[in-house]
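>>> Next input, structure requested:
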Amino acid sequence: MFETFEQTQINTSGATIHLVKGGKGFPLLLLHGYPETHVMWHKIAPRLAQEFTVVVPDLRGYGDSSKPKGDPDHYNYSKRTMAQDMVEVMTRLGFEEFFVVGHDRGARVGHRMALDYAQRVNKLAVLDIAPTYKMYMTADKTFAIVYYHWFFLIQPYDLPERLIGSQPEYYLRSCLTRWSADATAFTPEVVAEYVRCFSDPATIHATCEDYRAAATIDLLHDEADMNQKVMCPLLALWSEKGFVGHKYDVLETWRERASNVQGGALPGGHFIPEESPEETYRALREFLM
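Down below sits the predicted model:
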């Protein structure tokens, strides 16, 4: 899937990050979401690599990156810590400034990165999310039904770990099917890779910690920075058939947290880079060029 990309691992101050890198041009960091890995970018990354140096990592806790054990305050999986990983990766690769595109959890890491490292992130694209704080503060019955996993995964260790771990492949496939508009967008090769990585009990625990952090320490960080806006240009893309665009005025919601916002809806469900790769590629290229 990434035949022309170099595969490597980079040690940060708190994790070992697995990634692939390819292309040449201004550096572009692509961050995946839950419950996937860097492989989710396989339809888009090679095309972007024609004009950018594309770095595609597994977030800590996901894929083949290391999976530190969760700590009591979940700081190991705070978006601040996960953003620090990515900044250290880019520094090790020699990139002081770069673009960031994130989907789902990766977009939340990108949001925090643009706040904490404003001088490093030149442009930010967030795919199919509204800001974490906004979503928790506006949760209602419909939110709880559609985003049930936000409340399931944050339950104390080790309830969700045990339940998911009993049938990880079933749970993973259920997520892909429920949140997409067209499950045929996921090739057998890609699903097999997701299953391989997600079946690791350490991954199940780490990804629960990611969500536990979002409901605790990430909210504290967001509250502390409520008056701070993302200053770089921000592109918000969301799925026509997904929940975010129906629940929120996405552009206005992001304008509460960023100073320069543009974007729009794309066809398909939540996994737009895989379900609508052509439309996603065109929107990203237009924004980044």
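
>>> Quick check: which element contains residue 126?
For residue 126, the host element (DSSP states H and E) is strand 121-127.

>>> Quick check: which helices or strands does that strand pack against?
Here strand 121-127 touches strand 98-103, helix 105-116, strand 234-239, helix 277-288, going by 3 or more Cβ pairs under 8 Å, 6 or more residues apart in numbering; DSSP states H and E. C-beta coordinates here come from the backbone N, C-alpha and C atoms, glycine included.

>>> repeat that with 10 Å
Strand 121-127 is packed against strand 26-31, helix 79-92, strand 98-103, helix 105-116, strand 234-239, strand 261-266, helix 277-288, with contacts defined by 3 or more Cβ pairs under 10 Å, 6 or more residues apart in numbering; DSSP states H and E.

>>> what's the closest of these to residue 164?
When those are compared by Cβ to Cβ, helix 105-116 sits nearest residue 164, at 16.0 Å.

>>> For the closest one, what is the distance to the chain centroid?
Centroid separation between helix 105-116 and its chain, computed with Cα atoms, centre = their mean, to the nearest Å, is 9 Å.

>>> Ok, stretch 254-265 next?
The answer for stretch 254-265 is 18 Å, by Cα atoms, centre = their mean.

>>> what's the answer for stretch 86-105, then?
Worked out by Cα atoms, centre = their mean, stretch 86-105 lies 13 Å from the chain centre.

>>> The most centrally placed residue in the chain and residue 29: what is the separation?
Centre of the chain computed as the mean C-alpha position; nearest residue by Cα atoms, centre = their mean is residue 106, 1.7 Å away. Counting by Cβ to Cβ, to the nearest Å, the gap from residue 106 to residue 29 is 9 Å.

>>> which residues are common contacts for these two?
57, 86, 100 (Cβ atoms under 10 Å, 6 or more residues apart in numbering).
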